[in-house]
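Asks: below are the sequence and a predicted model for it; my questions follow.
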Amino acid sequence: MRIAVIEDEPRLADNIAAALREGSGYAVDVARDGAEGLYLAQTNSYDAVVLDLMLPKLSGREVLRKMRAGGAKTPVLILTARDEKELIVGLLNDGADDYLTKPFDLRELRARLQSLIRRSQGHAVAKLAIGDLEMDTARAIVRRGGVTLTLVPMEYRLLEYLMHRPGKVISKTKLLEHLYDFHWEKFSNVIEVYIAGLRKKIDAGSSVKLIHTVRGHGYCVREEEPE
């Protein structure tokens, strides 16, 4: 998953980015003002945006309104030092999906973002399942047939992205855009490497294959009965 953090306070922005990278395994891009944040949101594909309300150049509320006016459906979590009900109601009506009042616990921030991302993909709970493959996104545990699998961080992130979209074919480019920050290499073969690793760990020894390559289009996770 790829997150944009739009926060002008350097220490807080760095702490949030570190918590999301290390605690949730997300790719994170950081913007220090509203104008830069809006540019990132309009030119990149994010799974969620963390948006401070008080920003230089362009306020968080203006960023939110311009995002929604442009048709962006990306979940937005607002950070604010103010908790007046009228303000909160206004932000929700402007298109905010959730908010946190400063100061806040970084674990709560991660949990709220995970919830927003799940709901944006139609999942109400933290557990995803395709056939006998199960993923607990709250505890980062993956099992197939009741057996716990050991995945490296990028294998887990790749599988999580695909399992949030069961049966949908996702291109290599889109996977790279959502699993890496803006420093990613367009021509890298890392996706093929991690897909191969997932096949060995998930499909080896099973007659029902779950990890699929649709040649020329991308990858997907779905049940496929043996021939």
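Replies: Happy to help now that I have it.
Asks: counting by contacts, list what the helix-or-strand element of the chain with minimal mean pLDDT packs against.
Replies: None of the helices or strands of the chain scores lower by mean pLDDT, DSSP states H and E than helix 24, at a mean of 80. Packing partners of helix 24 (3 or more C-beta pairs under 8 Å, 6 or more residues apart in numbering; DSSP states H and E): helix 106-120. Every residue, glycine included, has its C-beta placed from N, CA and C.
Asks: next, the buried residues of the helix it packs on.
Replies: 109-110, 112-118 (16 or more other C-beta atoms under 10 Å).
Asks: shaky segments in the protein?
Replies: 182-188, 225-227 (pLDDT under 70).
Asks: helices of that one, residue ranges please.
Replies: Applying DSSP state H to the chain gives helices spanning 10-18, 24, 34-43, 60-69, 85-94, 106-120, 153-163, 172-179, 190-198.
Asks: which among the ones you listed is found nearest to residue 133?
Replies: helix 153-163 (7.6 Å; C-beta to C-beta).
Asks: in the closest one, what counts as buried?
Replies: 154-163.
Asks: next: stretch 41-51.
Replies: Residues of stretch 41-51 classed as buried: 41, 46-51 (neighbour count, 16+ other C-beta under 10 Å).
Asks: next one: stretch 67-83
Replies: In stretch 67-83, counting by 16+ other C-beta under 10 Å, buried: 67, 72, 74-80.
Asks: alpha carbons only: can I get it in CSV?
Replies: Output in CSV follows, covering the C-alpha atoms of stretch 67-83 (Å, rounded to 0.1, in the frame of the first residue of the first chain):
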residue,chain,number,x,y,z
MET,A,67,-9.1,16.5,-4.5
ARG,A,68,-12.8,15.7,-4.3
ALA,A,69,-13.7,18.3,-6.9
GLY,A,70,-11.2,16.6,-9.2
GLY,A,71,-13.0,13.2,-8.7
ALA,A,72,-10.4,11.6,-6.4
LYS,A,73,-12.0,8.9,-4.2
THR,A,74,-8.8,8.1,-2.2
PRO,A,75,-9.6,7.7,1.5
VAL,A,76,-8.5,10.8,3.4
LEU,A,77,-7.6,10.9,7.2
ILE,A,78,-7.5,14.4,8.6
LEU,A,79,-5.1,15.5,11.4
THR,A,80,-6.2,18.5,13.4
ALA,A,81,-5.5,20.2,16.7
ARG,A,82,-9.1,21.4,16.8
ASP,A,83,-12.1,19.3,17.7
